[in-house]
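In: Sharing a sequence plus its predicted fold:
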Amino acid sequence: MKTCFIILLCISAMAMAQEPKTQVFNSKIKGDGYTLYFDKGDGSQPNVQNYLNSGIKGISAFFNKEFKKEIDVHLFHTRKKLDAQWQKDWGMPGFKSECWMVGSGIASRLDLLSPSVWKKEACEHDPEDQVEIKRLVFHELTHVLHSDYNRSPNFDDIDNIDWFVEGLATYASGQLDEDRFNPMAKYVIETGGPKQLSEFWKGEHRYGLSGSIVAYIDKTYGRRTLSELMEFNHLVDILNRLNLSEVELIEAWKGSVVKGK
């Protein structure tokens, strides 16, 4: 499963704090902590709404943190409309999303290409897989919660923490399953894995790599510490809080991956 990568989320992110342009939708529903905008008749709307309800509670409980703001959720029925919104939000007039890009979440805003059109307007996603859709919603909600507590709420001033941002969402959403962990572990065992944290959010195993090192931090230092790390926007602060060097963190993580395999 793939979602929008952190580099895109950092481009002209201040625009995302503006009021949503709701005229592209003809319906909306007010939920507990969010407003969902959608097109009437969208078959995915009821399930997405259910995942929002459970996700806001679940992600909040996972980190023991409350969402600070109401979330504007936009369920786009065409990729063309989703691209138009991202072009505006990211200051990239000519941007065209790749077929695997179906969602983004930051600054109290969550955009999602409706699963009802994935079959014809997306790739590498199964519109019949409700577990995948649920985890995708939870992933993007984690980004929103993370931005609520980060020193750089729009992630426009971050230094080498893309692995942490995406790993946190992968881990908290349940996307770090065996299908993702096992191929990543095999890759690490056979090649030695990445040597720097900047290499974790790259390549075909980036979700497994980033998610597993965040899982290692959680299991080794505890959920309270993991939650505290959401504040930091620079790598040096994360490492200082863990009292580790970059090399020490990677080596300890690698040992846990090998044992886990």
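Out: Structure received. Numbers count the residues shown, from 1 in each chain.
In: Identify all contacting residues around stretch 222-237.
Out: Contact with stretch 222-237 is made by 62-65, 145-146, 149-152, 155, 157-161, 164, 168, 197, 214, 217-218, 238, 241-242, 246, as judged by CB atoms under 8 Å, 6 or more residues apart in numbering. C-betas here are computed from N, CA, C, even on glycine.
In: Buried ones among those residues?
Out: Using 16 or more other CB atoms under 10 Å as the burial test, these include 62-63, 145-146, 149-150, 152, 155, 158, 160-161, 164, 168, 197, 214, 217-218, 238, 242, 246 as buried.
In: when you check those against the helices, which ones overlap?
Out: Among these, the residues falling in helices (DSSP state H) are 62-63, 145-146, 149, 164, 168, 214, 217-218, 238, 242, 246.
In: List just the nearest of these to residue 104.
Out: residue 146 (12.9 Å; CB to CB).
In: low pLDDT regions in this protein?
Out: 1-23, 261 (pLDDT under 70).
In: can you give me the strands in it?
Out: 27-31, 34-38, 71-76, 103-106, 109-113 (DSSP state E).
In: Out of the ones you listed, the one nearest residue 50 is which?
Out: strand 27-31 (10.0 Å).
In: follow-up on the earlier one: residue 253 is nearest to which of the strands of the chain?
Out: So among the strands of the chain, strand 103-106 is nearest, using CB to CB, at 25.6 Å.
In: Sheet partners, orientation included, of that closest one?
Out: strand 109-113 (antiparallel) (DSSP bridges).
In: what distance separates the partner strand from the centre of its chain?
Out: Per CA atoms, centre = their mean, to the nearest Å, the displacement of strand 109-113 from the mean C-alpha position of its chain is 11 Å.
In: Kindly report the same for stretch 63-77.
Out: 12 Å.
In: Return the residues in contact with the residue of the chain most remote from its centre.
Out: Distance from the C-alpha centroid of the chain peaks at residue 190, with 27.9 Å (CA atoms, centre = their mean). Residues counted as contacts of residue 190 (CB under 8 Å, 6+ apart): none.
In: how much space is there between it and residue 125?
Out: When distance is defined by CB to CB, to the nearest Å, residue 190 is 28 Å away from residue 125.
In: Please apply the same query to residue 250.
Out: Residue 250 is 31 Å from residue 125, by CB to CB.
In: Just give me the neighbour total for residue 221.
Out: 16 (other CB atoms under 10 Å).
In: Excluding covalently adjacent residues, which one is nearest to it?
Out: In space, and not counting its chain neighbours, residue 221 is closest to residue 242: 6.5 Å by CB to CB, 6 or more residues apart in numbering.
In: Pretty sure that neighbour sits against residue 249.
Out: Yes. Residue 242 lies in contact with residue 249 (CB atoms under 8 Å); the separation is 6.6 Å.
In: dump the residue contacts of residue 58.
Out: residue 138.
In: Bridge partners for the closest residue to residue 75 other than its chain neighbours, pull those for me.
Out: Nearest residue to residue 75, sequence neighbours excluded (CB to CB, 6+ apart): residue 38, at 4.0 Å. Using DSSP bridges, the bridge partners assigned to residue 38 are residue 27.
In: Could you measure from residue 38 over to residue 254?
Out: 44 Å.
In: Counting neighbours, go ahead and name the busier of the two.
Out: Higher neighbour count among residue 38 and residue 254: residue 38, with 23 against 20, using other CB under 10 Å.
In: ok, now which ones touch the more buried one?
Out: Applying CB under 8 Å, 6+ apart, the residues near residue 38 are 25, 27, 28, 29, 45, 48, 74, 75, 77, 114.
In: Just give the closest residue to the third one, not the sequence neighbours.
Out: Spatially, and ignoring its direct neighbours in sequence, residue 28 is nearest to residue 37 (4.8 Å; CB to CB, 6+ apart).
In: Isn't the one you found up against residue 71?
Out: No. Contact criterion CB under 8 Å: residue 37 and residue 71 do not qualify, at 11.1 Å.
In: give the contact list for the closest residue to residue 180 other than its chain neighbours.
Out: Leaving aside its sequence neighbours, residue 180 sits nearest to residue 208 (CB to CB, 6+ apart; 4.6 Å). Residues near residue 208 by CB under 8 Å, 6+ apart: 176, 180, 181, 183, 184, 185.
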